[in-house]
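Visitor: Prediction below, plus the sequence it came from.
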Amino acid sequence: MRKEILIFSERCCGCLLCELICSATNKNAFSPEEAFISVRPDPRGAYFTVQRKEGCKGCGRCVEVCPTGALVFEEAA
Amino acid sequence: MKALFVDLSSRKMEEEEIGELLPRYLGGVGIGARLAFDLIPPGCDPLGEENVLIFCPGSLVGTNIPTASRTEITAKSPLTGLIGTSNSGLYFGAFLRYAGFDCLVIKGAASEPVYLLIEDGEAQIRDAREIWGRDNWETYLWLREREGEKVQVASIGPAGERLVRFASIQNNFFHAWGRTGLGAVMGSKRLKAVAVKGKGAFRVHDLRQVLELAREFTERIRGDDSFGYTRRYGSMIASDPYNRMGILPGRNFTQGRIPSWEETRGRRAFERRYKEKDLSCFACPIACAHWARVKEGEGTGYEFHGMEVTYVLEFGAKLQIPSIEEIARSVELCDRMGMDVISTASVIAYAIEASEKGAFPSEEVPSWGNPRGIRSLIGRIARREGIGEVLAEGVRRASSRFRGTEPYALHIKGAEIPVRDPRGKWDVWSLGYLTDIRGGDHLRARSPAEYLPGGTLNHLEEELHVSEEFIAALDMPDDLKGRVFGSPPQKVDIPLMTKYAEELITMINASGLCLRPPVLRTFGPRTLSHFLRAVWGIEIPPEEVLLSAERVWNLQHLFNLREGLRREDFRWPSRFYREENGTPPLDPQKVEETLRAYFLARGWDPQTAIPTRKKLEELGLGEEAKRWNITR
């Protein structure tokens, strides 16, 4: 069963591990640009805007690697 | 592996395949050392056109291997005249690789200020006259406005432009390649910034294997005892023990303990009054950095990028600034001006102490712990105004200008000494200051069995503070474990462990990992061997990985010998041998004995610090030594 992914951008630490695992899983290479999730930093690199992009199938690999709980499955939220 | 060579004098650019360097030099600091040794003419002026500035991301950077984020920059140092090399994390290295290059080599000098834009496998030299003179934050925002929010920037501020000998290179807003004055090298080339836009991909040799190894290594890091406190406090975990042990560098290493230290500058003070959230570098699950804000009292609302223990030790102890907020404001000024925090604090401490003793002009020198006065002087050093002109040269050169001030100029091989006082505890870490390839510094020899509050058995052995299970699991050759720890394990052999600790840090800086405790305690040659096979498809057994790290250290040492480094340069300033500081002075004979054992462990002649022919041949560096006449 597919689980819904919830995003808490204010918790994001900016590691980009979600973009890395997404592109590795879906594009067979490490490429933040090509990931189906995007982490956009503010100028100081303090806060980030995390968004799923078109094409995301909700596989949830990004949730598994997020170290700070910025991405969580709905049932765990 | 592709390097881009940019000649700023001729504006010519060339690409070169450098993959053949990987097995013998491992990436990052190692490839930087090889290129520096080959390309920088011996005896050249580090601020002249002949110096070469090399940006080399670690070989694992760009993957999701945990903490693989860091880039080494290497050149001849204008501060020490020896190899200058510095390491920084965040995103720059990964995005340089996504932009198509694994290494960037800058030669020559531009006639007018320029910046370099790297994107989609191409580079452009662009006009930077409009931003010459601006600080690092203004420069970053200017480039972000033009190149977009994901541009990664290595830039210099006014200090680099004015060739302050300890100018740093800033990495976006808050990170830096701090030590050894590489910002001045960039300034001498009139290169204001390198801006990188990495929209491409990094295709590794065996993606499935990389993902599996990254998952395993993440589990190992997360399972280490140090993970939780490293996330919670970052390097500030160590702030309190420094004070308890009396090893603070207070008032230019004359005060090892400071009353009310923990309440004002300790880890809990930071956490309670300032910490807002966790931040990390690229691909790092530890997230040891923090965003912070003054939550109460004067200055409420001021925001800053966390706190590192080095900042509180340098500005809080060495210069006596009494609050974390004022320390953060002083670090901000160093970031904006582009100056190494350690050398800046040290040169100001030198000026304050020397002027107290009447040996240095006092009008422009602040008093201990006066943050406004200290920041005013930081600004004058960055602009080389008034007394800032001589202080911008670093403590060694400044003290040669003012008779009688040499005892207050605390440096090793010309690099100002940071962080901790060796008199309070003699250990691997303190010996590492003396043997550090880049001069007085605390970051190139770190033991995986490090336990700061632990004791010393004698000058050659530390107490053992890790378990037999920990040693058994340690990624370190078994025969070496036996020699370092004894069997059964009962101590840490200081000279032998220092040699290994230097090679461990070399492997970390070559691969681009971070030296935070969860990595330091779990990484080693076997892990790196697996990673290199999966990422690059090269087979290097663990023992050869370690040999390559040793080769890198020796090549850096040959660079230094070629530039005139002598055996007698491996010494602490006289203060540490002559003065008590709550703890007795160092015994010169014991320091010499330890150093001698270290040179023997390295296969270097203990009288001259020159590697023996046998060692050089074992490392495949015999030709280099012969060609430059560096032989016994």
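Guide: That came through fine. Numbers count the residues shown, from 1 in each chain, chains lettered A, B, ... in the order given.
Visitor: Following the chain onward from the helix or strand hosting residue B:496, which element is next?
Guide: In this assignment (DSSP states H and E), residue B:496 forms part of helix B:494-511. Next along the chain after helix B:494-511, taking DSSP H and E as the criterion, comes helix B:517-520.
Visitor: okay, which residue is most central for the chain?
Guide: Picking chain A for this. Among the residues of chain A, the one closest to the centroid is residue A:18, at 4.0 Å (Cα atoms, centre = their mean).
Visitor: wait, chain B
Guide: With the centre of chain B defined as its mean C-alpha position, the nearest residue by Cα atoms, centre = their mean is residue B:86, 4.7 Å away.
Visitor: Neighbouring strands of the helix or strand harbouring that residue in the sheet, and parallel or not?
Guide: The secondary structure element spanning residue B:86 is strand B:83-88 (assigned by DSSP H and E). In the sheet containing strand B:83-88, the strands it pairs with under DSSP bridges are strand B:71-76 (antiparallel).
Visitor: Identify all contacting residues around the partner strand.
Guide: Residues external to strand B:71-76 that are found in contact with it (Cβ atoms under 8 Å, 6 or more residues apart in numbering or on different chains): B:28-29, B:32-33, B:35-36, B:40, B:44, B:46, B:51-58, B:61, B:82-89, B:92-93, B:96, B:154, B:169, B:177, B:182, B:185, B:509-510, B:512, B:563. C-beta coordinates here come from the backbone N, C-alpha and C atoms, glycine included.
Visitor: Just the buried ones from those residues?
Guide: Buried positions within the contacts of strand B:71-76, assessed by neighbour count (16 or more other Cβ atoms under 10 Å in any protein chain shown), are B:28-29, B:32-33, B:35-36, B:40, B:46, B:51-58, B:61, B:82-89, B:92-93, B:96, B:154, B:169, B:177, B:182, B:185, B:509-510, B:512, B:563.
Visitor: now, which of the residues you listed lie within strands?
Guide: Cross-referencing the buried ones among the contacts of strand B:71-76 with the strands (criterion: DSSP state E) gives B:53-57, B:83-88, B:154, B:169, B:177 as the overlap.
Visitor: now those residues in JSON lines, with pLDDT?
Guide: Formatted as JSON lines, the entries for those read as follows, by pLDDT from 0 to 100:
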{"residue": "B:53", "pLDDT": "98"}
{"residue": "B:54", "pLDDT": "98"}
{"residue": "B:55", "pLDDT": "98"}
{"residue": "B:56", "pLDDT": "98"}
{"residue": "B:57", "pLDDT": "98"}
{"residue": "B:83", "pLDDT": "98"}
{"residue": "B:84", "pLDDT": "98"}
{"residue": "B:85", "pLDDT": "97"}
{"residue": "B:86", "pLDDT": "98"}
{"residue": "B:87", "pLDDT": "98"}
{"residue": "B:88", "pLDDT": "98"}
{"residue": "B:154", "pLDDT": "98"}
{"residue": "B:169", "pLDDT": "98"}
{"residue": "B:177", "pLDDT": "98"}
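Visitor: now the helix holding residue B:496 and strand B:53-57, what's the angle there?
Guide: Angular relation of helix B:494-511 and strand B:53-57 on a 0 to 180 degree scale: 90 degrees, by axes from the mean of the first three to the mean of the last three Cα atoms, to 10 degrees.
Visitor: tell me which residues in helix B:494-511 are buried?
Guide: B:494-511.
Visitor: And stretch B:164-177, by the same measure?
Guide: B:164-177.
Visitor: could I get those as CSV with distance to chain A?
Guide: Listed next are the buried residues of stretch B:164-177 as CSV, based on distance: Cβ to the nearest Cβ, whole Å:
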residue, distance to chain A
B:164, 25
B:165, 29
B:166, 24
B:167, 22
B:168, 17
B:169, 17
B:170, 12
B:171, 10
B:172, 6
B:173, 5
B:174, 7
B:175, 9
B:176, 13
B:177, 16
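Visitor: What distance do you get for the residue in the stretch 101-250 of chain B positioned nearest to chain A to residue B:584?
Guide: Of the stretch 101-250 of chain B, the residue with the smallest distance to chain A, taken as Cβ to the nearest Cβ, is residue B:201 at 3.5 Å. In this structure, residue B:201 and residue B:584 are separated by 58 Å, where distance is defined by Cβ to Cβ, to the nearest Å.
Visitor: ok, those two, which is more surrounded?
Guide: More neighbours sit around residue B:201 than around the other of residue B:201 and residue B:584, counting by other Cβ atoms under 10 Å in any protein chain shown; the figures are 20 against 10.
Visitor: Hmm, residue B:98 and that one touching each other?
Guide: Yes. Taking Cβ atoms under 8 Å as the definition, residue B:201 is a contact partner of residue B:98 at 6.6 Å.
Visitor: Touching both of the two, which residues are there?
Guide: With Cβ under 8 Å, 6+ apart applied, the overlap between the contact sets of residue B:201 and residue B:98 consists of A:30-31, A:33.
Visitor: Show me what from chain A comes close to chain B.
Guide: Within chain A, the positions adjacent to chain B are A:10-11, A:13-17, A:20-21, A:23-24, A:27-34, A:40-41, A:43-47, A:65, A:67-68 by Cβ under 8 Å from any Cβ of the partner chain.
Visitor: Show me just the buried residues among the residues you listed.
Guide: Among the residues of chain A next to chain B, those buried by neighbour count (16+ other Cβ under 10 Å) are A:11, A:13-17, A:20-21, A:23-24, A:29-34, A:41, A:44-47, A:65, A:67-68.
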